[in-house]
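Student: Let's see this in three dimensions:
(chains A and B)
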2 protein chains.
Amino acid sequence: MITVAQVLANDPLTSAFARIQAEIDSAFDAFLPVPPDGRARLVEAMRHAAIGGGKRVRPLLLAATAELFGVARTAAVNAGCAVEAIHCYSLIHDDLPCMDDDALRHGKPTVHKAFDEATAVLAGDSLHALAFDILTQPDTSTDPFVRAELVACLARASGHEGMAGGQMMDMMAEDAAYDLAQVTRLQQLKTGALLAASVEMGAILGRVPPEGRGPLRAYARDIGLAFQIADDLLDVEGDAGLAGKALRKDAGAGKATFVTLMGPDKARQQAEMLVEQAAAHLSGFGEEAALLQALARFIAERDR
Amino acid sequence: MITVAQVLANDPLTSAFARIQAEIDSAFDAFLPVPPDGRARLVEAMRHAAIGGGKRVRPLLLAATAELFGVARTAAVNAGCAVEAIHCYSLIHDDLPCMDDDALRHGKPTVHKAFDEATAVLAGDSLHALAFDILTQPDTSTDPFVRAELVACLARASGHEGMAGGQMMDMMAEDAAYDLAQVTRLQQLKTGALLAASVEMGAILGRVPPEGRGPLRAYARDIGLAFQIADDLLDVEGDAGLAGKALRKDAGAGKATFVTLMGPDKARQQAEMLVEQAAAHLSGFGEEAALLQALARFIAERDR
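Tutor: Coordinates of the predicted model:
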């Protein structure tokens, strides 16, 4: 969460986070009115997961990319809301007793704790469907080709060839004793795919043809890995109170991570290197890409 | 499942079922090659749920509707596969211990029994994403407007305003003591929305504009209710071995259903009436709609 002090500091990245957080909360609020029938509990559970809390890194990545190409803000916020709906559903399901069994998320009780397990499963499923519902609304793009391409990108990034596939590899990690190449592959799917989709969807909204997306894709790949290294460092060195969730889980489970395989110092150096590399990929955009540059640094330094 | 004897009987509906079952199995087989990495277990769980078993009522409804408008078979099978992926994911999640806690589905162990709960959650999520992935492939339609409209229709039908919303109402039913109007609304969402989407998606593929879909929508609404009445009758009077799943669950839970509210005889009459009404809506299509007519009758008589 952004504090008042940070907003007053008037740092561009801090302002950008504050703005997108307000926009995404407001968009979810509008997409999810509580119905006056037996579905009320479901929609309240969706709102509990989707509104308030969450840094909104993915929507900001999407919006900052879209900004490079002069995309209307409403379009970027809608598409960002769709990516965030996928991210939120994945957190609800990951927190379930049969998965990570977590009681706390963004400093609040997880959905199955605040409601119940069955409602949590359904709320995740409903946010999953909402993501694609949002992407096909004319507000997101008046061009059906763009809408269909956004859906294709997000569906591919979230399913068995993306996020869910990475989650499965992660579940196998305790027994599988992955090496660095396998951990890299796992993380490219588990967290990297959705971060990369956020950048890609910004480019899709900006009508950048696939062959023109190379530098943006390279940037996204690098920050995806930096993001996960920072997450691994946070798991080992972070403060659970500040993080708003349980930590020390990977080490406790004996899972191979970037930090266990490389050691914390080398992992931190690697994250630094990835941020510089990510920045270099964007050099062609000049000052226009300042926000994406700042975001790359933020992503790699979350553990401090 | 269709028996060899039924296929040999050469009844058009039986042949249509046998054909679509083979096509959907083959499409899922092609969409889901088992990857040579840690995701293998996930894809095997998806295949367990999606291939073999299941009458494929929704894909057949979609294909039979699409046929009225001369849609290419590949397009109809792809879209049918997407609807069936949503149906399969919903069954995996409904069968979970925190939901209906079922051990048997289509005569096979449910996914969380054959694999484990966490894999079942992820396999459901991955089939959910696969549905939208399939709909955005050019094989489904070369027209991006059609692809985007298919996604919009299916996403709306499966989320909190459709199937998942109905499932939530169903979970509240034990305590809520619904009346007939509320049970009707619940069922229109829980099972009706996806059946209606199947018909609608056939019309979308056929480029029927929304204002021309009235009779098809009326047909879909009627068979949706007939379907659920038949399901309620099956729950009370059916044979668990033939059904391939546990029965007598609603009555055991004290839930209001069409059968508990109307009694079995009146419920059966109502289903008959709905089938005749559904048939009447299609009269404008003449003999062309014979398969949809036969399907309506099949749907209402599943309990016998």
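Student: Just give the closest residue to residue A:206, not the sequence neighbours.
Tutor: residue A:69 (2.7 Å; CB to CB, 6 or more residues apart in numbering or on different chains). The way it works is simple: take the backbone N, C-alpha and C, and place the C-beta from them, glycine included.
Student: try residue A:38
Tutor: Using CB to CB, 6+ apart and skipping the chain neighbours, the partner closest in space to residue A:38 is residue B:169 (3.6 Å).
Student: can I assume the one you found sits in a helix?
Tutor: Yes. Under DSSP: H, G, I helix; E, B strand; the rest coil, residue B:169 falls within a helix.
Student: What residues does it make contact with?
Tutor: A:37, A:38, A:39, B:176, B:178, B:182, B:185, B:186, B:189, B:190 (CB atoms under 8 Å, 6 or more residues apart in numbering or on different chains).
Student: hmm, 7 Å instead?
Tutor: A:37, A:38, A:39, B:186, B:189 (CB atoms under 7 Å, 6 or more residues apart in numbering or on different chains).
Student: Isn't the second one up against residue B:166?
Tutor: Spelled out, that is residue A:38. No. Between residue A:38 and residue B:166 there is no contact under CB atoms under 7 Å: 8.8 Å.
Student: shared neighbours of these two, which are they?
Tutor: residue B:186.
Student: between the two, who's got more neighbours?
Tutor: residue B:166 (24 against 21; other CB atoms under 10 Å in any protein chain shown).
Student: Now the more buried one: which helix or strand?
Tutor: Using DSSP states H and E, residue B:166 maps to helix B:163-176.
Student: How far does that helix sit from its chain's centre?
Tutor: 18 Å (CA atoms, centre = their mean, to the nearest Å).
Student: ok, back up a step: among the contacts of residue B:169, which ones are in helices?
Tutor: residue B:186 (DSSP state H).
Student: how about the contacts of residue B:169 in a markdown table, adding distance to residue A:219 and pLDDT?
Tutor: Converted to a markdown table, the contacts of residue B:169 look like this (distance: CB to CB, whole Å; pLDDT from 0 to 100):
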| residue | distance to residue A:219 | pLDDT |
| --- | --- | --- |
| A:37 | 46 | 91 |
| A:38 | 46 | 91 |
| A:39 | 41 | 96 |
| B:186 | 48 | 94 |
| B:189 | 43 | 96 |
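Student: Now the buried members of the contacts of residue B:169.
Tutor: Neighbour-count burial (16 or more other CB atoms under 10 Å in any protein chain shown) applied to the contacts of residue B:169 gives A:37, A:38, A:39, B:186, B:189.
Student: Could you check how far the fourth one is from residue B:207?
Tutor: By that I understand residue B:186. For residue B:186, the distance to residue B:207 (CB to CB, to the nearest Å) stands at 33 Å.
Student: how about stretch A:122-132 against chain B, any contact?
Tutor: Yes. Part of stretch A:122-132 sits near chain B under the criterion CB under 7 Å from any CB of the partner chain, namely A:122, A:125, A:126, A:128, A:129, A:130, A:132.
Student: Pull up the residues of the stretch 151-300 of chain A that are close to chain B.
Tutor: Close to chain B, as judged by CB under 7 Å from any CB, the stretch 151-300 of chain A has residues A:151-152, A:155-156, A:158-160, A:164-165, A:167-169, A:171-172, A:176, A:186.
Student: Quick check on these: which are buried?
Tutor: By 16+ other CB under 10 Å, these give A:151-152, A:155-156, A:158-160, A:164-165, A:167-169, A:171-172, A:176, A:186 as buried.
Student: what about residue A:122, helix or strand, and which?
Tutor: helix A:117-135.
Student: May I have that helix exported as PDB, CA atoms only?
Tutor: Provided in PDB are the C-alpha atoms of helix A:117-135 (Å, rounded to 0.1, in the frame of the first residue of the first chain):
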ATOM      1  CA  GLU A 117     -13.800 -22.800   1.200                       C
ATOM      2  CA  ALA A 118     -16.700 -23.500  -1.300                       C
ATOM      3  CA  THR A 119     -17.300 -19.700  -1.600                       C
ATOM      4  CA  ALA A 120     -13.600 -19.100  -2.100                       C
ATOM      5  CA  VAL A 121     -13.500 -21.700  -5.000                       C
ATOM      6  CA  LEU A 122     -16.500 -20.100  -6.700                       C
ATOM      7  CA  ALA A 123     -15.200 -16.500  -6.100                       C
ATOM      8  CA  GLY A 124     -12.000 -17.400  -7.800                       C
ATOM      9  CA  ASP A 125     -13.800 -19.000 -10.700                       C
ATOM     10  CA  SER A 126     -16.100 -16.000 -11.000                       C
ATOM     11  CA  LEU A 127     -13.200 -13.500 -11.100                       C
ATOM     12  CA  HIS A 128     -11.600 -15.800 -13.700                       C
ATOM     13  CA  ALA A 129     -14.700 -15.500 -15.900                       C
ATOM     14  CA  LEU A 130     -15.000 -11.700 -15.200                       C
ATOM     15  CA  ALA A 131     -11.500 -11.100 -16.700                       C
ATOM     16  CA  PHE A 132     -12.600 -12.300 -20.100                       C
ATOM     17  CA  ASP A 133     -16.000 -10.600 -19.800                       C
ATOM     18  CA  ILE A 134     -14.200  -7.300 -19.200                       C
ATOM     19  CA  LEU A 135     -11.800  -7.800 -22.100                       C
END
